[in-house]
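Colleague: give me coordinates for this.
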Amino acid sequence: MDGSSTKDGSGAGLIIETPQGERCEHALKFMFKAYNNEVECEVLIAGIELCYTAGTDLVKAYLNSQLVVSQLSWDYEVKDNIMAAYVC
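Modeller: As a prediction, the model looks like this:
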């Protein structure tokens with residue numbers, strides 16, 4: 001999963017791989033202003049929702065943002081109110 005935010009909007013790339021090695025690639029464009037860390041959380045939520053819809057009961061997620069991973073695992077404190085909503 002990888003997300004980005006620019007002055008023109010935000011979006012993310014997502015690859016879902018089954019245990020059998022089948023891959024589904026998704027591109028997401030968010031219709032709201034979000035910063036990079038928020039986009040990382042949104043793509044994680046979208047990926048989990050897609051996997052749930054496909055009927056899976058186990059998801060392993062890999063993010064490229066060490067900050068977001070550390071915040072979501074409660075290793076780092078979240079100081080921003082918007083990011084705090086993702087962690088709660």
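
Colleague: buried stuff in the longest helix anywhere in the chain?
Modeller: For the chain, the helix that runs over the most residues, judged by DSSP state H, is helix 36-53. When burial is assessed from 16 or more other C-beta atoms under 10 Å, helix 36-53 yields the following buried residues: 37-44, 46-47, 50-51. Placement of C-beta: from N, CA and C, glycine included.

Colleague: before we move on, what SS does the residue lying farthest from the centre of the chain have?
Modeller: In the chain, Q20 marks the outermost C-alpha relative to the chain mean, sitting 22.6 Å out by C-alpha atoms, centre = their mean. Classification of Q20 using DSSP: H, G, I helix; E, B strand; the rest coil returns coil.

Colleague: and the gap between it and A61?
Modeller: With the distance defined as C-beta to C-beta, to the nearest Å, Q20 ends up 18 Å from A61.

Colleague: pull the residues that contact the longest helix of the chain.
Modeller: Helix 36-53 is contacted by residues 1-5, 10-14, 16, 26, 28, 30, 34, 59, 61, 63, 65, 67-68, 71-72, 80, 82-83, 86 when judged by C-beta atoms under 8 Å, 6 or more residues apart in numbering.

Colleague: go with 7 Å
Modeller: Contacts made with helix 36-53 from outside it, assessed by C-beta atoms under 7 Å, 6 or more residues apart in numbering, are listed as 1, 3-5, 10, 12, 14, 16, 28, 30, 34, 59, 61, 63, 65, 67-68, 82-83, 86.

Colleague: among those, which lie within helices?
Modeller: Using DSSP H, the members of the contacts of helix 36-53 that fall within helices are 67-68, 82-83, 86.

Colleague: returning to that earlier point: can you select the buried ones from the contacts of helix 36-53 in PyMOL?
Modeller: In PyMOL, this line selects whichever of the contacts of helix 36-53 come out buried by 16+ other C-beta under 10 Å:
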select buried, resi 1+3+5+10+12+14+16+28+30+34+63+65+68+83+86
